[in-house]
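Student: curious how this folds, go ahead:
(chains A and B)
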Amino acid sequence: MPAEIILQPGPNAASIAEKRDRLAALRAALAEREADVAQLRSQLKAFEVRYLQRVGVLYAELDEIAARITEREVDLYHSDSARRRAKEARQRAQQTHEAAFGADQEPEEFDPSPSLKTLFREVAKRIHPDFATDEAERKHFTLLMTRANQAYNCGDTDTLQRLLDDHLEVNASAADEGDGVTLLRLARQIQHAVRDIAALDREHQALLQSEIGQLYTGAEAAANEDRDLLAELAASLRERIADAQYRLQFVERQVGALGR
Amino acid sequence: MALHSVRSGIFARGRRDAANSSSNPHYQKAVAAYNAGRFPEAAASFSQAAHQGHAESQYILSTMYDAGKGLPQDDAQAARWEHLAADQGHLYAQANLSFRCYAAGDFAGAFEWCQRAADGELAWAQYNLGLMVQKGEGVAPSEAEAAHWYRLAASQGFADAQQRLADLYYLGLGLPRSYTQAALWYRRAAEQGNARAQFQLGHLYDVGLGIEHDYTQYRYWTRKAAEQGHEEALREVSRRDYRDP
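Tutor: Numbers count the residues shown, from 1 in each chain, chains lettered A, B, ... in the order given. All right, here's what the predicted structure looks like:
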């Protein structure tokens, strides 16, 4: 009589299935959040470039004229306040210039330290999408790999170390795949996903609350009223520049009259 | 990362300027109501814009609280909105706040806010800063520094500052004495109706200091000062009328 082997579902099977579903849902949410934040980041980056090109350069021009005015006033007055004003105005003009035109500078050469390289290799060989056992895991590994690449490129050791720790924690006792171990493993993965979602939410908030984020929100709100916030800012700055130019000419005439 | 911190300043500036643009709808509504004499309505709209961080509205709201115009007079509220507008770099709010500090005997605060308004090219503040520096209120007294601030205000056509600058030239305080410069600045102030400058200019014409002696000009400017009740000018005119009718 042939013995029929019936695989009885273990007592933990329902719990495992439920956890797997929850993990899948969380990872889907995580991927979406990651995409949202990446999109916001690139929108802000593009807005930043537009802002600097249309408005930032005008601030630089305005501050440059203001600095020249105060410097001519030093020629005129020889007072400590005048010198202090001139020094402050020149510093401010330099800062504004760097802020407005700094983007043109060559990015610093990327030279990762040997320890960063080693750490990255340790992470990559564990989470590379090619090593995934199924489609869901492959998707998740792709996401992790993207994050690891980003961290590597900006020398972010903390993030790389965390990715490695997460992986080691999840696979701590993967050798013996009992139900208990599977459950523990799932619980950890869920915990990591929840933590990462929260971190992304915080990043999203921080991006929106940054100065450029608030400016971006304002520009979007204005666009809904058919207004161009950057154009308005630029127009009022051009008026202020014209005003400053007039004052500069006035001071230069005074200096000329004194023959200095 | 360092670059980013440099940039956040330029972003903050844009955000502040954008928030303070005259296209703020509450502000526009408030101005329309104010110009039509509907002050309670104007105050309500200025208040809405002020809560959004609109500096000009904060400043106007503070003056309305000060005057009890459109809402009950309230010094605390006036001071609060004035301070918020001043923090955002609103020059008139800074000047008013400086005056508020001064009236309360807080010279250091008065000096600091006055300096910020003066750095923003507000002639009134530059003149008042000159006065405080000359008297040594909130700062060590210095006639040379006072001359610097007077001159900034004077160059903007502020008559009292022109007269003060001329005084310093006349007396040689903080500046090398120059009757020519004194006459030049006294004339600018005198033409704007400053009584002391008119009297002093008349005196310079009388004695021919820094300027060619001219009896007609002397009489003209002394009489102008006397007409405004300048005491020395009045004495001078009555003495002259007796001697030289």
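Student: grab the nearest non-local neighbour of the residue nearest in space to the middle of chain A.
Tutor: Centrality entry for chain A: nearest residue to the mean C-alpha point is residue A:41, 5.8 Å, by C-alpha atoms, centre = their mean. Spatially, and ignoring its direct neighbours in sequence, residue A:41 is nearest to residue A:207 (6.6 Å; C-beta to C-beta, 6 or more residues apart in numbering or on different chains). Every residue, glycine included, has its C-beta placed from N, CA and C.
Student: enumerate every residue touching that neighbour.
Tutor: Applying C-beta atoms under 8 Å, 6 or more residues apart in numbering or on different chains, we find residue A:207 in contact with A:37, A:40, A:41, A:44, A:213.
Student: go through the chain and flag its longest helix.
Tutor: Since no chain was named, I'll use chain A. helix A:13-51 (DSSP state H).
Student: nope, chain B please
Tutor: helix B:2-19.
Student: which SS state does residue B:229 fall under?
Tutor: Going by DSSP: H, G, I helix; E, B strand; the rest coil, the secondary structure assigned to residue B:229 is coil.
Student: pLDDT score for it?
Tutor: If you check residue B:229, the pLDDT there is 92.
Student: touching, it and residue B:195? I think so.
Tutor: Yes - using C-beta atoms under 8 Å, residue B:229 is in contact with residue B:195, at 7.4 Å.
Student: which residues of chain A score low on pLDDT?
Tutor: Residue ranges of chain A with pLDDT under 70: A:1-11, A:77-78, A:103-110, A:172-177, A:258-260.
Student: can you pull the residues of it lying near chain B?
Tutor: A:48, A:51-52, A:55-56, A:59, A:73, A:76-77, A:79-82, A:85, A:95-96, A:98-100, A:102, A:210-212, A:214-215, A:218-219, A:227, A:229, A:232-233, A:236-237, A:247, A:250-251, A:254 (C-beta under 8 Å from any C-beta of the partner chain).
Student: just checking, what packs against the longest helix of chain A?
Tutor: helix A:135-153, helix A:179-209, helix A:211-224, helix B:2-19 (3 or more C-beta pairs under 8 Å, 6 or more residues apart in numbering or on different chains; DSSP states H and E).
Student: format the ones you listed as CSV; extra columns: distance to residue A:162.
Tutor: What follows is the helices and strands packed on helix A:13-51, written out as CSV (distance: least, C-beta to C-beta, whole Å):
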stretch, distance to residue A:162
helix A:135-153, 9
helix A:179-209, 9
helix A:211-224, 25
helix B:2-19, 23
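Student: out of these, nearest to residue A:23?
Tutor: Proximity to residue A:23, assessed across these by C-beta to C-beta, is greatest for helix A:179-209 (5.3 Å).
Student: buried ones in the closest one?
Tutor: Going by neighbour count (16 or more other C-beta atoms under 10 Å in any protein chain shown), the buried part of helix A:179-209 is A:182, A:185-186, A:188-190, A:192-193, A:196-197, A:200, A:203-204, A:207.
Student: likewise stretch B:50-63?
Tutor: With burial defined by 16+ other C-beta under 10 Å, the residues of stretch B:50-63 counted as buried are B:50, B:53, B:54, B:55, B:56, B:57, B:58, B:59, B:60, B:61, B:62, B:63.
Student: how about residues contacting that stretch?
Tutor: B:16, B:19-20, B:22, B:24, B:26-27, B:30, B:34, B:43, B:46-47, B:49, B:69, B:77-82, B:84-85, B:88-90, B:92-93, B:96.
Student: how about a cut-off of 7 Å?
Tutor: B:19-20, B:24, B:26-27, B:30, B:43, B:46-47, B:49, B:78, B:81-82, B:84-85, B:88, B:90, B:92-93 (C-beta atoms under 7 Å, 6 or more residues apart in numbering or on different chains).
Student: can I get that stretch in PDB? Just the C-alpha atoms.
Tutor: The C-alpha coordinates for stretch B:50-63 follow below in PDB (Å, rounded to 0.1, in the frame of the first residue of the first chain):
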ATOM      1  CA  ALA B  50      -0.600  90.000   8.500                       C
ATOM      2  CA  HIS B  51      -1.300  86.500   9.800                       C
ATOM      3  CA  GLN B  52       0.000  85.100   6.500                       C
ATOM      4  CA  GLY B  53       3.300  87.000   7.100                       C
ATOM      5  CA  HIS B  54       2.700  90.000   4.800                       C
ATOM      6  CA  ALA B  55       5.100  92.600   6.300                       C
ATOM      7  CA  GLU B  56       3.400  95.700   4.900                       C
ATOM      8  CA  SER B  57       0.100  94.600   6.300                       C
ATOM      9  CA  GLN B  58       1.700  93.800   9.700                       C
ATOM     10  CA  TYR B  59       3.100  97.300   9.700                       C
ATOM     11  CA  ILE B  60      -0.200  99.100   8.700                       C
ATOM     12  CA  LEU B  61      -2.100  96.900  11.300                       C
ATOM     13  CA  SER B  62       0.300  98.100  14.000                       C
ATOM     14  CA  THR B  63      -0.300 101.700  13.100                       C
END
